[in-house]
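S.K.: okay, here's the prediction I keep looking at, along with the sequence it came from:
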Amino acid sequence: MCRSIKVLRVPGRRATDEELNAAALQFVRKISGFRKPSKMNQAAFDRAVAEIAASSKHLLGTMKVPEPVRTAEPAETAAAES
């Protein structure tokens, strides 16, 4: 896995367009094998970055994330046991 791509799904916070584009750029660089494409491939490279960023934004916007499981406080547990 590409180490410079960070997790963008953080509870209570939306990923910015800049973060999505940076992650998409790193992904395209990784799978294409090019840090910077030639002029001939620049349009395809840029289009791939834009499409992956848009797909990632859609994914993060539509994912259902379960609420954290609430554990009983010690006082609630003691009251329930009485």
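M.R.: Done, it's in.
S.K.: any idea where the helices of the chain begin and end?
M.R.: 17-32, 42-62, 74-81 (DSSP state H).
S.K.: okay, the ones you listed in a markdown table with mean pLDDT and mean neighbour count next?
M.R.: To be clear about C-beta, it is placed using only N, CA and C from the backbone, and glycine gets the same treatment. Conversion of those to a markdown table gives the following (pLDDT from 0 to 100; neighbours: other C-beta atoms under 10 Å):
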| stretch | mean pLDDT | mean neighbour count |
| --- | --- | --- |
| helix 17-32 | 94 | 16 |
| helix 42-62 | 96 | 14 |
| helix 74-81 | 63 | 9 |
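S.K.: closest to residue 11 out of those helices?
M.R.: Of all the helices of the chain, it is helix 42-62 that lies closest to residue 11, at 11.7 Å by C-beta to C-beta.
S.K.: dump that closest one to PDB, restricted to CA.
M.R.: Extracted in PDB, the C-alpha atoms of helix 42-62 (Å, rounded to 0.1, in the frame of the first residue of the first chain):
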ATOM      1  CA  GLN A  42      -0.800  14.500 -19.100                       C
ATOM      2  CA  ALA A  43      -4.500  14.700 -20.000                       C
ATOM      3  CA  ALA A  44      -5.100  11.000 -19.200                       C
ATOM      4  CA  PHE A  45      -3.200  11.400 -15.900                       C
ATOM      5  CA  ASP A  46      -5.200  14.500 -14.900                       C
ATOM      6  CA  ARG A  47      -8.500  12.900 -15.900                       C
ATOM      7  CA  ALA A  48      -7.700   9.800 -13.800                       C
ATOM      8  CA  VAL A  49      -6.900  12.000 -10.700                       C
ATOM      9  CA  ALA A  50     -10.100  13.900 -11.100                       C
ATOM     10  CA  GLU A  51     -12.200  10.800 -11.600                       C
ATOM     11  CA  ILE A  52     -10.700   9.000  -8.600                       C
ATOM     12  CA  ALA A  53     -11.100  12.100  -6.400                       C
ATOM     13  CA  ALA A  54     -14.800  12.400  -7.400                       C
ATOM     14  CA  SER A  55     -15.400   8.700  -6.800                       C
ATOM     15  CA  SER A  56     -13.700   8.900  -3.400                       C
ATOM     16  CA  LYS A  57     -15.800  11.900  -2.500                       C
ATOM     17  CA  HIS A  58     -18.900  10.000  -3.500                       C
ATOM     18  CA  LEU A  59     -17.900   6.900  -1.500                       C
ATOM     19  CA  LEU A  60     -17.200   8.900   1.600                       C
ATOM     20  CA  GLY A  61     -20.400  10.800   1.300                       C
ATOM     21  CA  THR A  62     -22.600   7.700   0.900                       C
END
